[in-house]
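Peer 1: Predicted model and sequence below, questions to follow.
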Amino acid sequence: MKATAKAHTNIALIKYWGKRNEELILPTNSSLSITLDRFYTETTVEFNEQLTSDSFYLNGEQASEKETLKVTKFLNLVRELSGDTRHATVSSTNHVPTAAGFASSASGYAALAAAASKASGLQLEGEELSKLARRGSGSACRSIYGGFVEWQKGTKDDGSDSYAVPILEQEAWDLSILSVMIESKQKKILSREGMKRTVETSPFYDGWLKATEEELQIAKKAIEKRDFELLGETLEKNAFKMHATTLGADPPFFYWQPATLEIIDYVQQLRSQGVLAYVTIDAGPNVKVICEPKDEQKVYQTLSEIDSVKEIFVCHPGPGISYL
Ligand SMILES: O=C(O)C[C@@](O)(CF)CCOP(=O)(O)OP(=O)(O)O
């Protein structure tokens with residue numbers, strides 16, 4: 001059986017930052033994201049009894065052994081669930097500037113989960129599909145849905161209640177998310193390693209957990225009321241607190257570069273001029289600036305003036321999983 005699925009990337013407004021279970025990828029806190037329209041992954045999975053092992057092609061090239069192993073580990077979960085023991089050929093095309101280190105793991109694993117589930121005859125959807133995607137990468141569980149999405153952390157040890165739920169579909173509230181890419185040569189500490197070290201060693205981590213639960217509730221209220229100023233203030237505070245935890249880790253680390261701070265400064269200047277723009281930052285130096293569509297042009301132009309800004313991708317809320 002063969003199936004192709006398309007999944008879009010998502011940007012966390014309330015961050016997932018820490019696991020309570022590494023193997024099952026269970027988070028310490030709930031998170032909230034917005035799925036983007038512009039960046040997505042298309043993945044085809046074909047199970048075939050002639051194959052003696054899985055093969056994985058990424059953007060038309062045979063992937064490395066390391067990447068292929070990750071896909072096999074994930075397909076083993078699908079084989080366990082479906083009872084289908086056949087190997088598969090997987091081919092993924094990322095319409096995400098991965099070179100820029102955009103978290104294509106979210107759209108990648110969401111598309112893989114959907115295509116593999118369909119090709120193996122499991123036909124998972126909703127919570128069950130979200131839980132399968134979560135086993136590939138935590139943030140992937142949110143890309144099953146479009147628009148605003150909450151990943152409920154759950155409390156059960158087996159993860160049966162840790163999955164994403166849709167909060168508001170993409171057509172209901174249009175926002176502009178400007179993904180600002182800067183030059184970056186710094187060796188990236190992957191989010192998986194970064195959050196592990198933080199959970200294990202940062203004295204600021206408990207403060208994070210307390211604050212993020214509160215900020216999640218405020219963000220959900222803001223979305224319900226379409227209160228952009230409250231949402232913006234909350235998401236920016238949340239991102240800064242997440243990054244503050246890494247400074248307390250042992251050894252300390254941080255993702256920001258001088259250009260990151262420069263962008264933050266420009267955005268604060270915009271706010272002092274009455275333009276509602278806010279920043280969020282993930283496990284890297286790139287900044288996402290969020291504003292209302294009416295201010296998009298002004299924000300875009302302002303950010304374009306910054307020398308260290310390499311490129312700006314303008315995104316809007318996007319759709320959940322689809323099958324081609
Ligand atoms: O997306 C967010 O909520 C915030 C972050 O992007 C970091 F800022 C974390 C993403 O972590 P992910 O790559 O999903 O980790 P995995 O479960 O170890 O694969």
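Peer 2: All right, it came through fine.
Peer 1: residues of the strand of greatest length in the chain that come out buried?
Peer 2: For the chain, the strand that runs over the most residues, judged by DSSP state E, is strand 31-48. For strand 31-48, the neighbour count (16 or more other C-beta atoms under 10 Å) marks 31-47 as buried. C-beta here means a position set from N, CA and C on the backbone, and glycine is covered the same way.
Peer 1: Could you confirm whether that strand reaches the ligand?
Peer 2: Yes: with C-beta under 6 Å from any ligand atom as the measure, strand 31-48 is seen reaching the ligand through S31.
Peer 1: now stretch 256-265
Peer 2: No: contact of stretch 256-265 with the ligand is not found when judged by C-beta under 6 Å from any ligand atom; the minimum separation is 12.2 Å.
Peer 1: Likewise for stretch 208-228?
Peer 2: No: for stretch 208-228, no contact with the ligand is found by C-beta under 6 Å from any ligand atom; the gap never falls below 10.2 Å.
Peer 1: what's in contact with that stretch?
Peer 2: Residues outside stretch 208-228 that contact it (C-beta atoms under 8 Å, 6 or more residues apart in numbering) are 13-15, 17-18, 28-32, 148, 150, 167-168, 173, 175, 230-231, 234-235, 237-238, 241-242, 244-245, 276, 292.
Peer 1: do the same with stretch 75-82
Peer 2: Residues outside stretch 75-82 that contact it (C-beta under 8 Å, 6+ apart): 45, 54, 84-88, 90, 113, 116-117, 120-122, 124, 132, 135.
Peer 1: Does the longest strand of the chain pack against any helices or strands, and if so which?
Peer 2: strand 2-14, strand 87-95, helix 104-119, strand 148-152, strand 176-182, helix 205-224, strand 309-315 (3 or more C-beta pairs under 8 Å, 6 or more residues apart in numbering; DSSP states H and E).
Peer 1: per-domain residue ranges of this structure.
Peer 2: When the chain is parsed with automatic domain parsing, its domains come out as 2-172, 176-315.
Peer 1: L324 is nearest to which of those?
Peer 2: Closest approach to L324 among those (C-beta to C-beta): domain 2-172, 4.4 Å.
Peer 1: Between its first and last residues, what's the separation in that closest one?
Peer 2: One end of domain 2-172 to the other measures 34 Å (C-alpha to C-alpha, to the nearest Å).
Peer 1: what about that domain, distance to the chain center?
Peer 2: 11 Å (C-alpha atoms, centre = their mean, to the nearest Å).
Peer 1: Could you list the contact residues of the stretch 101-250 of the chain toward the ligand?
Peer 2: A103, S105, S137, G138, S139, S191, R192.
Peer 1: I'd say the second one and G138 touch.
Peer 2: No: look at S105 against G138 with C-beta atoms under 8 Å: they stay out of range, at 9.1 Å.
Peer 1: Compare the two and say which is more crowded by neighbours.
Peer 2: G138 (28 against 22; other C-beta atoms under 10 Å).
Peer 1: what residues are up against that one?
Peer 2: Y16, K19, I25, P27, W151.
Peer 1: Take those and write them to JSON lines, including neighbour count.
Peer 2: What follows is the contacts of G138, written out as JSON lines (neighbours: other C-beta atoms under 10 Å):
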{"residue": "Y16", "neighbour count": "25"}
{"residue": "K19", "neighbour count": "17"}
{"residue": "I25", "neighbour count": "23"}
{"residue": "P27", "neighbour count": "24"}
{"residue": "W151", "neighbour count": "26"}
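Peer 1: Now the two most distant members of the residues you listed.
Peer 2: Longest span within the contacts of G138, C-beta to C-beta: K19 and W151, 12.3 Å.
Peer 1: Thank you, goodbye.
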